[in-house]
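> got a predicted model here, sequence first, then my questions.
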Amino acid sequence: MPIIALLRTMNEKEQSTTIRWLRLSRINFFLIICTCSAIYYWLPGYTFLILTVFSWICYIKQKNVILAQVTGYNGLGMGAVSFDWQTITTYIGSPILVPRWAMINLLIGFVFFIWIFVPVIYYSNLWNFQNLPISSTAYFTSDGQELTSYLYGMIGNSTFYERPTSVFLSATSAVANYMVFASLAALFAHTILYHGKDIFQQFNTSLRRRENDIHCTLMAKYAEAHDWWYMLLFAITFILSAIACHFGEFMPWYYLFVAVPFTIICVLPVGIVQATTNLQILPDSVAIIIGATIFKNNLIALLTFAAYSHQMLTDSLSLLAILKFGHYMKISSRSLFITQLLITIISVIIRYTITNRRNIPPVGYFPSWIVISFIFNTVIRQWWWERYALLFSVAMDVGVQITYIAICILLAKHINYPTWWGTSTNICALAGANFNG
């Protein structure tokens with residue numbers, strides 16, 4: 001929707017509006033916000049790094065472990081404030097695009113489970129959680145040492161890998177994993193109860209018979225991409241994946257027949273929630289458990305199965321989003337098919353060179369995300385949300401990216417800004433420590 005708003009703004013002629021205090025056309029509003037965003041991002045992006053996340057409560061007493069764990073960005077983030085649009089939108093997207101009811105639902109769940117339930121189980125030392133940091137995505141040994149560094153120290157010890165080793169999670173990671181399974185159960189139940197009838201009707205209605213939908217009526221004039229195009233593409237990619245799995249010895253190729261049905265089952269429920277809330281609930285943990293059940297003592301096969309399950313689902317959702325975009329903008333499905341194919345090939349090359357984001361993000365950015373969502377969806381919604389909100393979101397994104405590219409190009413040769421207190425982002429170092437510091 002933000003992209004559609006931007007394209008309409010750039011291509012439709014419009015006179016300045018007289019709506020209350022904003023007497024701006026959409027294109028002027030976009031240019032002003034984009035320029036301000038680009039100029040401002042030089043602060044958190046280069047010269048004033050502390051604006052990325054400022055744990056102001058922790059700054060008062062930096063050597064207090066409990067205060068750091070509760071208020072720090074790498075802890076529970078109760079006192080963390082971010083003034084960086086890039087940081088705020090990195091993990092769950094723009095807060096402006098999430099409906100108010102979804103934002104409230106997210107807020108209630110976050111406050112109860114992360115800010116209330118996690119401290120209760122951590123400070124009561126349930127399962128010896130106090131040996132570990134209160135919030136971390138890493139895996140640990142029983143004495144609180146990170147598993148990666150521990151395993152690295154055991155390289156060359158031939159008997160170590162034959163011994164069973166227990167793996168421990170931080171309190172936040174444990175609760176987050178439990179909530180993933182709970183949300184997936186709720187996801188499928190919600191889809192069946194609230195959308196089951198509509199899904200059945202849609203499967204039995206062709207595009208050309210939906211006369212009550214103006215978009216379908218207009219799109220019916222275009223030649224559709226044939227089903228066999230998608231089937232042929234699926235067959236080719238499936239064969240290539242099977243060859244890669246077999247000759248690369250990643251996993252037995254026939255287990256792709258398990259990953260594909262898993263994706264087909266999940267794509268509709270996940271897609272419905274994403275379409276209505278702009279939030280993704282990905283069943284990655286379930287895929288990992290299925291893989292761990294099938295491939296015991298074979299980590300490479302487990303990760304391969306999880307990677308295929310995740311990538312097929314996210315690519316399917318991406319294709320659906322692009323087709324929806326074409327539906328609203330009246331772009332032929334054949335053109336979108338070819339474009340998506342080229343984009344996928346290019347993205348494979350690019351993504352090969354970068355790392356994936358974490359499945360469980362730090363919680364310190366969340367207070368700022370909620371505040372922005374509340375302001376745009378509640379406080380100023382009655383004034384200019386419909387006219388400017390989507391443009392504001394995309395203008396902020398564009399401005400940040402312009403400055404980010406400029407920083408990477410102009411300052412690529414290790415040109416660092418002079419060190420001062422505003423460039424120090426580690427003012428709450430004990431947030432990642434265990435209970436004993």
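Noted; the coordinates are in hand. Residues are numbered from 1 along each chain as shown.
> lowest average confidence, helix or strand, in this structure?
Lowest on mean pLDDT, DSSP states H and E among the helices and strands of the chain sits helix 147-153, with a mean of 58.
> which helix or strand lies directly C-terminal to the helix or strand hosting residue 325?
Here residue 325, judged by DSSP states H and E, is contained in helix 299-329. For helix 299-329, the succeeding helix or strand toward the C-terminus, using DSSP H and E, is helix 333-351.
> what's the angle from that next one to helix 299-329?
Note on geometry: by axes from the mean of the first three to the mean of the last three Cα atoms, to 10 degrees, helix 333-351 and helix 299-329 are set 140 degrees apart in direction.
> report the mean per-residue pLDDT for helix 333-351.
Here helix 333-351 scores 80 as its mean pLDDT.
> what sits up against the helix or strand that it is followed by?
Later in the chain than helix 333-351, the nearest helix or strand by DSSP H and E is helix 366-374. Residues outside helix 366-374 that contact it (Cβ atoms under 8 Å, 6 or more residues apart in numbering): 77-78, 80-83, 88-89, 92, 95-96, 98, 100, 103, 106-107, 110. Every residue, glycine included, has its C-beta placed from N, CA and C.
> buried residues, helix 366-374. List them.
Judged by neighbour count using 16 or more other Cβ atoms under 10 Å, the buried positions of helix 366-374 are 366-370, 372-374.
> correct me, but residue 48 touches residue 420?
No: with contact taken as Cβ atoms under 8 Å, residue 48 and residue 420 are classed as non-touching, separated by 9.1 Å.
> when these two are compared, which one has more neighbours?
Residue environment comparison for residue 48 versus residue 420 gives the larger neighbour count to residue 48, 19 against 11, counting by other Cβ atoms under 10 Å.
> which among the contacts of helix 366-374 count as buried?
Those of the contacts of helix 366-374 that meet the buried threshold are 77-78, 80-83, 88-89, 92, 95-96, 98, 103, 106-107, 110, by 16+ other Cβ under 10 Å.
> for residue 264, state which of those residues is nearest.
Distance to residue 264 across those (Cβ to Cβ) is lowest for residue 92, with 25.2 Å.
> tell me the SS of the closest one?
Remark: residue 92 carries the secondary structure label coil [criterion: DSSP: H, G, I helix; E, B strand; the rest coil].
> can you read off the backbone torsions of the closest residue to it other than its chain neighbours?
For residue 92, ignoring the flanking residues on the chain, the nearest one in space by Cβ to Cβ, 6 or more residues apart in numbering is residue 279 at 6.3 Å. With angles defined as degrees, to the nearest 10, residue 279 sits at phi -120, psi 140.
> wait, residue 279 sits on residue 102?
Yes: the pair residue 279 and residue 102 passes the contact test of Cβ under 8 Å, sitting 6.5 Å apart.
> could you point out the longest helix in this structure?
Secondary structure of the chain read by DSSP state H shows that its longest helix is helix 171-203.
> now that helix: average pLDDT?
Per-residue pLDDT values across helix 171-203 average out to 87.
> in it, what counts as buried?
The neighbour-count criterion (16+ other Cβ under 10 Å) identifies 171-176, 179-180, 184, 187, 191, 195 as the buried residues of helix 171-203.
> same thing with stretch 374-381?
Taking 16+ other Cβ under 10 Å as the neighbour-count basis, stretch 374-381 is seen to contain the buried residues 374, 376-377.
> tell me which helix or strand residue 263 sits in.
The secondary structure element spanning residue 263 is helix 256-277 (assigned by DSSP H and E).
> can you name every helix or strand that that helix contacts?
helix 171-203, helix 227-247, helix 284-294, helix 299-329 (3 or more Cβ pairs under 8 Å, 6 or more residues apart in numbering; DSSP states H and E).
> format these as a markdown table; extra columns: distance to residue 259.
Output for the helices and strands packed on helix 256-277, formatted as a markdown table (distance: least, Cβ to Cβ, whole Å):
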| stretch | distance to residue 259 |
| --- | --- |
| helix 171-203 | 17 |
| helix 227-247 | 9 |
| helix 284-294 | 8 |
| helix 299-329 | 5 |
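> quick one: closest of those to residue 35.
Ranking the helices and strands packed on helix 256-277 by distance to residue 35, with Cβ to Cβ as the measure, places helix 299-329 first at 26.4 Å.
> the closest one vs helix 256-277, what angle?
Here the directions of helix 299-329 and helix 256-277 differ by 40 degrees (the same axes, to 10 degrees).
> show me what counts as buried in helix 299-329.
301-302, 304-310, 312-317, 319, 322, 326-327.
> surely residue 35 touches residue 399?
Yes: contact criterion Cβ under 8 Å: residue 35 and residue 399 qualify, at 6.8 Å.
> mind picking the two most distant members of the buried ones among the contacts of helix 366-374?
Taking Cβ to Cβ, the two most distant members of those are 78 and 96; they sit 23.5 Å apart.
> please parse the chain into its domains.
Under the assignment automatic domain parsing, the domains of the chain span 1-13+20-131+362-437, 181-360.
> from those, which stretch is densest packed?
Each of those was assessed for mean neighbour count using mean count of other Cβ atoms under 10 Å. The highest is domain 1-13+20-131+362-437, with a mean of 17.
> torsion angles phi and psi at the closest residue to residue 404 other than its chain neighbours?
Taking Cβ to Cβ, 6+ apart as the measure, residue 404 lies nearest to residue 45, with 6.4 Å between them; neighbours along the chain are not counted. Residue 45 adopts backbone torsions of phi -90, psi -20, taken as degrees, to the nearest 10.
> now do the one 3 residues further on
Summarising the backbone geometry of residue 48 under the convention degrees, to the nearest 10, its torsions are phi -140, psi 70.
> just to revisit the earlier point, for residue 404, find the nearest of the helices and strands packed on helix 256-277.
Nearest to residue 404, of those and by Cβ to Cβ, is helix 299-329 at 22.4 Å.
> end to end on stretch 278-289, go ahead and measure it.
Using Cα to Cα, to the nearest Å, the gap from the first to the last residue of stretch 278-289 comes to 26 Å.
> shared neighbours, residue 279 and residue 102?
With the criterion set as Cβ under 8 Å, 6+ apart, the contacts of residue 279 and residue 102 do not overlap.
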